[in-house]
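Colleague: After the sequence you'll find the predicted model.
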Amino acid sequence: VEGAFPLSETWLKVEERGQGWGKTTVKVNAGLQEAAAFFWDFGSLINHDTTGDVKRVIDNEIGDWEMLVRRKQKLGGIEKELKYLMKFHKLNDYTIVITMKPERKRERGQTLAELDGVTIRFEKR
């Protein structure tokens, strides 16, 4: 869309051998719980469309705030299956954090997200 303001800001720091870290900030017009619920609903069909996942499965729900999840992605003709322990953390009335940590160690060809996992932080401003 021409002339529109960007919906997100992305910051990347690339270190040696192609490794690094990044951060994307998105401002949404929704409540704290609603925004976090969108990402916590791992099986939602909307997440299939936006992530490029071929398959998303909840293998095991561990109480109300943890679950083992599996996602299959097809990147450049190669299909990869990734397993994560997904946790929901309510830090205070203004901050919610969702973490996804990989269940296995790094193998050749895995990306940093597959190795280090993903952390999504929601803050009410």
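Modeller: Ah, there it is.
Colleague: Export the longest helix along the chain to PDB, keeping only CA atoms.
Modeller: Longest helix of the chain, by residue count under DSSP state H: helix 32-40. Extracted in PDB, the C-alpha atoms of helix 32-40 (Å, rounded to 0.1, in the frame of the first residue of the first chain):
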ATOM      1  CA  LEU A  32      -3.600  -7.200  26.100                       C
ATOM      2  CA  GLN A  33      -5.400 -10.500  26.600                       C
ATOM      3  CA  GLU A  34      -6.900 -10.500  23.100                       C
ATOM      4  CA  ALA A  35      -3.500 -10.000  21.500                       C
ATOM      5  CA  ALA A  36      -1.900 -12.700  23.500                       C
ATOM      6  CA  ALA A  37      -4.800 -15.100  22.900                       C
ATOM      7  CA  PHE A  38      -4.300 -14.800  19.100                       C
ATOM      8  CA  PHE A  39      -0.700 -16.200  19.400                       C
ATOM      9  CA  TRP A  40      -1.500 -18.700  22.200                       C
END
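Colleague: can you give me phi and psi for residue 43?
Modeller: Main-chain torsions, residue 43, degrees, to the nearest 10: phi -80, psi 0.
Colleague: what about it, how many neighbours?
Modeller: 11 (other CB atoms under 10 Å). Bear in mind the C-beta positions are built from the backbone N, C-alpha and C, glycine included.
Colleague: Check residue 76 too.
Modeller: Applying other CB under 10 Å, we find 4 residues neighbouring residue 76.
Colleague: helix or strand for residue 60, which one?
Modeller: Using DSSP states H and E, residue 60 falls within strand 53-62.
Colleague: State the next helix or strand along the chain beyond the longest strand belonging to the chain.
Modeller: The residue-count maximum for a strand in the chain (DSSP state E) belongs to strand 78-92. Later in the chain than strand 78-92, the nearest helix or strand by DSSP H and E is strand 95-102.
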